[in-house]
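**Student:** mind looking at a prediction? Sequence and model below.
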Amino acid sequence: MKIREGSVEIEALSTYEKGPGKISSGFYNRTMQTSRDLTVSLLNAMKPGLALDSMAGTGIRGLRIAKETRWKVVLNDISKKNVRMQEENAKANSVDVEIMNDDYFCAVSSRKWDYIDVDPFGSPSGLVDAAIMNLKNNGIIGVTMTDTANLEGRSINKGRRIYGSASVQGVYSKEISTRIFTKFLIERGAALDRGGRPLMALRDGHFIRVFVSFRKGSGAAEAALNDLKTVDVAGKKVGPLYLGRLYDPELLKRMESFPFSDETKRIFSNFRNEDLMFLFFMNSKNGMEVKKMKIVEELQKRGHSAGGTNFHPKGIKSNIDEEGYRNILNSL
Ligand SMILES: C[S@@+](CC[C@H](N)C(=O)[O-])C[C@H]1O[C@@H](n2cnc3c(N)ncnc32)[C@H](O)[C@@H]1O
């Protein structure tokens, strides 16, 4: 079947419109379009270099990078069937890419990269070190994790074992899981003498996706650890997690003009709010909900920055303190 996304039209053997979908060759997942839109627009906003789409599936992500940016792209997948599909899709879209049919570890270690995309089914925990080690200085990784239940659901004990941090369930779980996963990437970088700096993070649907750039050197690695902390959330010790900026504001500005899909545009518009505070305020007063937009407008009228968050549909991010927020909420 033919699928159109961004500027490419590809052939896929099966598609999925919502959720994680199933593991099969030639599989296209519509739920991941936002992740791909943001990958392409982030690379488009950076100085072009050499990118590896290390687990490329149908090839849609790498083909979009090659067509919509000035990066040179290599696609790789362990499945022969997928690689054949990538070759056909590249030809049909007149895109010039190199295609490899190798195991992930062979592909990433075959040269040094400016960008490595790591997009496995499930946890990427065993894949991250190889990607970081094979980046050029200041190279970037974009990593997806779909085992969100390990940091947000019933299996958070397993998450502690895999990602090395205590998480919590409840309203804040999506922001906390994203910050723990970001911490995990920075920690792996530090173990390999690289300082990780997050560029952008996405918590959407069934997955988390984080982009981090890594600078070589023990000084950079040490400095990156300064933002990893353990905190108290509703009486529980949570972390260690990453408490610094999740978004690079200059990069977001350069990405603004990208022709995003409507859904990605909605998600992207919240990115500028996410670093206004750690966690967020809720829109309820004495058990009653107040319209989110009404609160946001009032905060802005009084000179504060404010807006929605992708971490909770009823959450509000603002640079006001807790007491100030309560006063404003009570005045409405
Ligand atoms: C989630 S899919 C990738 C989806 C794709 N990046 C996209 O945006 O549509 C994961 C892919 O990893 C491939 N894969 C699994 N194990 C691998 C390995 N050890 N080395 C390389 N590719 C592998 C699978 O064949 C599958 O195509």
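**Tutor:** Cool, the structure landed.
**Student:** which residues of the stretch 51-200 of the chain fall in helices?
**Tutor:** Assigned by DSSP state H, counting those that start in this stretch, the stretch 51-200 of the chain shows helices spanning 60-68, 80-92, 104-108, 128-133, 149-152, 156-163, 173-191.
**Student:** Lys2: which of these is closest?
**Tutor:** Evaluated with Cβ to Cβ, these place helix 80-92 nearest to Lys2, the distance being 9.3 Å. (Glycine included, C-beta is placed from N, CA and C.)
**Student:** remind me what that closest one packs against, helices and strands.
**Tutor:** strand 8-11, helix 60-68, strand 72-76, strand 98-100 (3 or more Cβ pairs under 8 Å, 6 or more residues apart in numbering; DSSP states H and E).
**Student:** change it to 7 Å
**Tutor:** Where contact means 3 or more Cβ pairs under 7 Å, 6 or more residues apart in numbering; DSSP states H and E, helix 80-92 is packed against strand 8-11, strand 98-100.
**Student:** show residues contacting the first one.
**Tutor:** This points to strand 8-11. Applying Cβ atoms under 7 Å, 6 or more residues apart in numbering, the contact partners of strand 8-11 are 2-3, 58-60, 63-64, 67, 85, 88-89, 93.
**Student:** now these as CSV including pLDDT and neighbour count?
**Tutor:** Output for the contacts of strand 8-11, formatted as CSV (pLDDT from 0 to 100; neighbours: other Cβ atoms under 10 Å):
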residue, pLDDT, neighbour count
Lys2, 88, 8
Ile3, 89, 16
Thr58, 93, 27
Gly59, 96, 30
Ile60, 96, 27
Leu63, 98, 28
Arg64, 98, 25
Lys67, 98, 18
Met85, 94, 25
Glu88, 96, 14
Asn89, 96, 26
Asn93, 97, 18
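**Student:** for the nearest residue to Ser218 once chain neighbours are set aside, the count of nearby residues, please.
**Tutor:** Nearest-residue entry for Ser218: Asp193, 5.3 Å, with adjacent residues in sequence omitted and distances by Cβ to Cβ, 6 or more residues apart in numbering. Neighbour count of Asp193, defined by other Cβ atoms under 10 Å: 17.
**Student:** for the most centrally placed residue in the chain, what are its contacts?
**Tutor:** Centroid-nearest residue in the chain, with Cα atoms, centre = their mean: Arg209, separated by 2.3 Å. Residues near Arg209 by Cβ under 7 Å, 6+ apart: 35, 142-144, 202.
**Student:** so can I have CSV of those showing distance to the ligand and neighbour count?
**Tutor:** Putting the contacts of Arg209 into CSV (distance: Cβ to the nearest ligand atom, whole Å; neighbours: other Cβ atoms under 10 Å) gives the following:
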residue, distance to the ligand, neighbour count
Ser35, 7, 23
Gly142, 10, 26
Val143, 11, 24
Thr144, 7, 22
Leu202, 13, 23
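**Student:** could you dump those to JSON lines with pLDDT?
**Tutor:** Below are the contacts of Arg209 laid out as JSON lines (pLDDT from 0 to 100):
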{"residue": "Ser35", "pLDDT": "96"}
{"residue": "Gly142", "pLDDT": "98"}
{"residue": "Val143", "pLDDT": "98"}
{"residue": "Thr144", "pLDDT": "98"}
{"residue": "Leu202", "pLDDT": "97"}
